[in-house]
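>>> Next comes the sequence, and after it the predicted model I'd like to discuss.
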Amino acid sequence: MSAWSISNELSPRDIETAHRWISAESYWAKGLPRDIFERSVRHSLCFCLHDAAGDLRGFARVVTDRATFAYLCDVFVCPSVRGQGAGKGLVQAAMEHPDLQLLRRWMLVTRDAHRLYEPFGFKAPENPERLMVRLDPDVYARLSSRDP
């Protein structure tokens, strides 16, 4: 991972690439409209992993109040660098960010990457019956059907 760098700054090219990944290749936000993605980025702390040439190879976003709570989401690593520590680097950068220290609670949702997050202290909730969620998985499809 030494040839990679992680920053919190997104260029317009980074936004384009990250949006393409999340909206076209992720299982959690397929069809995500560009304007909604850009709004999510504006209101989050983002992490971009770049290769030595400056190309985006990974992206992650943290929704947080920077005092008590953080939700790690949209973690995506380019298929060409998966298995090389990029995901771990992104999660570590988020966990070590100065604005995210001493938070009482971190959360995330994953279908298949539990082994990535467990070394960072993430685990299934002790009392899952206390958690509640309101999910609208078809919202982006409905939005796109309204476009002229």
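Everything's here; your move.

>>> Mind listing what's buried along the top helix by length along the chain?
Longest helix in the chain by number of residues (criterion: DSSP state H): helix 86-96. Of all the residues in helix 86-96, those buried under the rule 16 or more other Cβ atoms under 10 Å are 86-87, 89-95. Using the backbone N, CA and C atoms, a C-beta is placed for each residue, glycine as well.

>>> Quickly run through the sheet partners of the very next helix or strand once past that helix, with directions.
Per DSSP states H and E, the first helix or strand lying C-terminal to helix 86-96 is strand 105-108. According to DSSP bridges, strand 105-108 forms sheet pairs with strand 69-77 (parallel).

>>> The partner strand to helix 86-96, inter-axis angle?
160 degrees (axes from the mean of the first three to the mean of the last three Cα atoms, to 10 degrees).

>>> Contacts for strand 69-77, please.
18, 21-22, 25-26, 28-29, 40, 49, 57-64, 86-87, 90-91, 94, 100, 103-109, 113, 116-117 (Cβ atoms under 8 Å, 6 or more residues apart in numbering).
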